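1. Take this sequence and fold it.
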Amino acid sequence: MRRMVAETRLHPADFILPAFVREGVGEPVPVAAMPGVVQHTRDSLKKAAAEAVAAGVSGIMLFGVPEDAKKDAVGTPGTDPDGILQVAIRDVRAEVGDELLVMSDLCLDETTDHGHCGVLDEFGRVDNDATLERYAEMAQVQADAGAHVVGPSGMMDGQIGVVRDALDQIGREDVAVLAYTAKYASAFYGPFREAVASSLQGGPQDVPAGPRQRAGVDAGAGPGPGGGGRPGDGEAGRALSGHSGAGRGRGGRAGGRLSDLR
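-> Modelled structure (predicted):
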């Protein structure tokens with residue numbers, strides 16, 4: 001009877017598989033903080049993608065873990081066409097084609113030597129506008145590699161509009177933009193930082209929301225600059241911009257429909 005009247009029913013098609021791929025390893029590397037999760041090799045990632053298709057999972061979100069020696073202050077591996085994330089996108093697309101929605105994390109924390117989500121200014125603070133320039137380039141490189149969806153997760157003010165415009169400039173209106181995180185200063189980031197081999201120095205000063213702040217984060221944080229802080233370009237965690245053009249312009253509210261992805 002409980003099954004018959006259940007309000008929530010989960011299906012494999014409802015899920016996205018997060019997958020970490022690490023450069024320069026010959027075997028998958030277990031993530032101690034998340035039992036059962038690994039940093040994949042290129043080969044094991046392709047196998048995981050094929051298994052996700054067989055299980056009926058709809059999408060895969062890829063996170064690239066570059067070699068430490070390649071990280072720098074501006075996250076160069078994130079815009080290198082041969083950076084590990086871009087290579088992984090190409091690998092997965094070659095393996096499963098369009099049978100799996102291939103999504104790519106669009107953030108700098110995995111690729112910077114300081115571990116923050118953006119470029120730092122001379123005082124060691126995240127420079128929002130300089131970071132947006134990097135995000136725009138990252139979006140174009142990820143789209144060229146074959147991503148169906150790019151996923152900005154750095155919570156920079158104006159990121160959706162900037163990324164959407166960058167994709168449109170190279171004729172990639174077919175690539176969707178999904179802002180899928182609302183970040184808080186929390187110990188829960190520990191396991192993720194281990195999974196992406198973060199080089200974080202100092203505290204997470206690029207994370208704007210405190211644990212007691214909900215308004216303006218999960219209910220839409222305003223329409224960009226002056227609209228309520230850095231999450232402000234759409235409904236954090238739910239903002240989706242497809243080829244319909246909604247959400248264009250710096251800091252515009254993201255729109256689009258899931259049907260735009262088909």
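2. Provide a list of residue ranges in the stretch 101-250 of the chain with pLDDT below threshold.
-> When residues are selected by pLDDT under 70, those of the stretch 101-250 of the chain lie in 181-250.
3. That one: helices as residue ranges?
-> Listed in chain order, the helices of the stretch 101-250 of the chain (DSSP state H, counting those that start in this stretch) span 128-145, 159-169, 189-195.
4. Take those and write them to TSV, including mean neighbour count.
-> Bear in mind the C-beta positions are built from the backbone N, C-alpha and C, glycine included. Listed next are the helices of the stretch 101-250 of the chain as TSV, based on neighbours: other C-beta atoms under 10 Å:
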stretch	mean neighbour count
helix 128-145	21
helix 159-169	24
helix 189-195	16
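5. could I get those helices as JSON lines with distance to I84?
-> Output for these, formatted as JSON lines (distance: least, C-beta to C-beta, whole Å):
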{"stretch": "helix 128-145", "distance to I84": "11"}
{"stretch": "helix 159-169", "distance to I84": "20"}
{"stretch": "helix 189-195", "distance to I84": "14"}
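6. Out of those helices, which gets nearest to I89?
-> Nearest of the helices of the stretch 101-250 of the chain to I89, taken as C-beta to C-beta: helix 128-145 at 4.0 Å.
7. and of the helices of the stretch 101-250 of the chain, who's closest to M103?
-> helix 128-145 (9.4 Å).
8. Just list what that closest one packs against, helices and strands only.
-> helix 84-96, strand 101-106, strand 149-152, helix 159-169 (3 or more C-beta pairs under 8 Å, 6 or more residues apart in numbering; DSSP states H and E).
9. Could I have the CA atoms of the first one written out in CSV?
-> In other words, helix 84-96. Coordinates of the C-alpha atoms in helix 84-96 are reproduced here as CSV (Å, rounded to 0.1, in the frame of the first residue of the first chain):
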residue,chain,number,x,y,z
ILE,A,84,42.1,16.3,-18.9
LEU,A,85,38.4,17.5,-18.8
GLN,A,86,38.3,18.2,-22.5
VAL,A,87,40.0,14.9,-23.3
ALA,A,88,37.4,13.1,-21.0
ILE,A,89,34.5,14.8,-22.8
ARG,A,90,35.8,13.6,-26.2
ASP,A,91,36.4,10.1,-24.8
VAL,A,92,32.9,9.8,-23.4
ARG,A,93,31.2,11.2,-26.5
ALA,A,94,33.2,8.7,-28.6
GLU,A,95,32.1,5.9,-26.4
VAL,A,96,28.4,6.6,-26.0
